[in-house]
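# here is the input, now give the coordinates:
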Amino acid sequence: MFEYCADPRSLEGLTWLSCYLTTPKHAAMYTSVLTVMALLLAVVPPILFLGFMGALARRSKFAPFRWFGLGYTSIVRGVPDIVFFLFFPIAIDQAVEYIRHKVKCGDVLEPVYQGNDFVVCQAAKMPLGASDQIYHEIWGFSLAVFAFAIVFGAFTANTLHGALQAVPRGQLETAQAFGMSERQVFWRIHMPQMWVYALPGLSNLWMILIKATPLLFLLGIKDIVYWAKELGGMKTQVYTYAHPDWRLWYFAALLVFYLLLTLISQSVFDRIFKRASRGMAVAT
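Numbers count the residues shown, from 1 in each chain. Take a look at the predicted model:
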C-alpha cells in the first residue's frame with residue numbers, strides 16, 4: 001500500500017482507486033488467480049494418468065479390469081460433478097484421519113463416529129491443529145486436485161477410449177504383418193495415431209475444466225469468484241473503502257479473464273492439433 005493511503009477517507013478519484021485496489025483483500029484476490037492457474041497445471045498429470053488407466057482398463061482382455069474401467073467411466077460421468085466434489089474430499093480427509101487415529105491413538109476407547117460427529121484425537125488431525133496455515137491450505141489444495149482428477153479422469157478415459165477405437169484397424173493389421181509385436185503396434189502405431197482423434201475431445205475437457213474451477217469454493221478454497229463476490233458487494237460507511245454494489249464490474253473482469261484464458265488455450269490446442277496431424281489426411 002502506498003504512503004498516501006494512510007487516510008483513505010481524504011482521498012478521491014484515481015488516488016482513492018489506487019489505494020482501494022492495493023488493499024490486503026485485493027492482494028488475496030490476485031493471489032487466488034495464481035491458485036486457479038496452479039490447480040489447472042497440477043491436475044493435468046493425474047487426469048491424464050487416470051484417463052489412460054481407465055481407457056486401457058476398458059480395452060483389457062481381463063474381464064474384472066474391463067468391468068472396472070467401464071464402471072468408473074459410467075458412474076462418474078452419470079453422477080453430477082458437485083456430488084463428487086462434496087464427497088471425495090470429505091471421504092479422503094476422514095479416511096486419512098481415521099487411519100492416523102488408529103495408529104497414533106490406539107489407547108483411545110471412544111468411537112470415532114459419535115452420532116453425526118467425526119471425532120479423532122488431536123494427534124490424528126490432518127494437518128495438525130497447531131500447524132501453520134500454509135499446511136492447511138496445501139492439504140485443502142491437494143484434496144481439490146484429487147477431486148478434479150477423479151471426475152475429469154473419467155471423462156478423459158472415455159475420450160481416449162473412443163480415440164483408440166477410431167484408429168483404422170487396417171493400419172494396425174499392416175504393422176502386425178510387418179512383424180511388429182502387439183506391444184510395438186500399440187506404442188509405435190496405435191498411440192501416435194490416437195492423439196489426432198483424441199485432441200478435439202481433450203480440448204473440450206480442458207475448457208470445461210477451466211469453467212469448473214469456481215467449484216474450488218465448495219472445497220473451502222477462496223478462489224477468484226469468491227473474492228469477486230466478497231469485494232464487489234456494497235460497502236457502507238463503516239468500511240474504510242465504502243462503495244456501492246460493484247459486483248457487476250468484478251464479474252465483468254472475471255469474464256474477461258476466463259475469455260482470455262479460453263482464447264489462449266484454444267490457440268495452443270490448434271497448434272498441437274496441427275502438429276499432431278502433420279502428414280495425415282484429416283477432415284478440415
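# quick one: buried residues of stretch 160-174?
In terms of neighbour count (16 or more other CB atoms under 10 Å), stretch 160-174 has its buried residues at 160-161, 163-164, 167, 172. Heads up, the C-betas are built off the backbone N, CA and C, glycines and all.
# do the same with stretch 258-278
Residues of stretch 258-278 classed as buried: 258, 261, 265, 269, 273, 276-277 (neighbour count, 16+ other CB under 10 Å).
# between the residues you listed, which is nearest Pro192?
Pro192 lies nearest to Ala276 out of the buried residues of stretch 258-278, by CB to CB, at 8.2 Å.
# quick one on the thing from earlier: among the buried residues of stretch 160-174, name the ones in helices.
The helices in this structure, assigned by DSSP state H, contain 160-161, 163-164, 172 from those.
# quick one: His101 and Val112 touch, right?
Yes. Contact between His101 and Val112 holds when scored by CB atoms under 8 Å: they sit 6.0 Å apart.
# list the residues that contact both of these two?
Both His101 and Val112 are in contact with Val120, where contact means CB atoms under 8 Å, 6 or more residues apart in numbering.
# the more surrounded of these two?
When His101 is set against Val112 and neighbours are counted by other CB atoms under 10 Å, the residue ahead is His101, at 21 against 17.
# so what touches whichever helix or strand that one is part of?
His101 is part of helix 81-104, with elements assigned from DSSP states H and E. Contacts made with helix 81-104 from outside it, assessed by CB under 8 Å, 6+ apart, are listed as 76, 108, 112, 118, 120-121, 123-126, 140, 143-144, 146-147, 150-151, 212, 215, 218-219.
# next, the buried residues of stretch 136-152.
When neighbours are counted by 16+ other CB under 10 Å, the buried residues of stretch 136-152 are found to be 136, 139-141, 143-152.
# least confident pick among these?
For the buried residues of stretch 136-152, the minimum pLDDT belongs to His136; the value there is 82.
# does Ile221 count as helix, strand or coil?
Three-state call for Ile221 (DSSP: H, G, I helix; E, B strand; the rest coil): coil.
# so who does Leu70 touch?
Shown here is Leu70, whose contacts under the criterion CB under 8 Å, 6+ apart are 57-58.
# per-residue pLDDT of it, please?
Looking at Leu70, its pLDDT stands at 90.
# how about the CA coordinates for stretch 85-95, as CSV?
The C-alpha atoms that make up stretch 85-95 are tabulated as CSV, following Å, rounded to 0.1, in the frame of the first residue of the first chain:
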residue,chain,number,x,y,z
PHE,A,85,-16.6,-32.6,-5.3
LEU,A,86,-18.5,-32.7,-2.0
PHE,A,87,-18.0,-36.4,-1.3
PHE,A,88,-14.4,-37.3,-2.3
PRO,A,89,-12.5,-34.6,-0.4
ILE,A,90,-14.5,-35.3,2.8
ALA,A,91,-14.2,-39.1,2.4
ILE,A,92,-10.4,-38.9,1.8
ASP,A,93,-9.9,-36.4,4.7
GLN,A,94,-11.8,-38.6,7.1
ALA,A,95,-10.2,-41.8,5.9
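# appreciated, that's everything.
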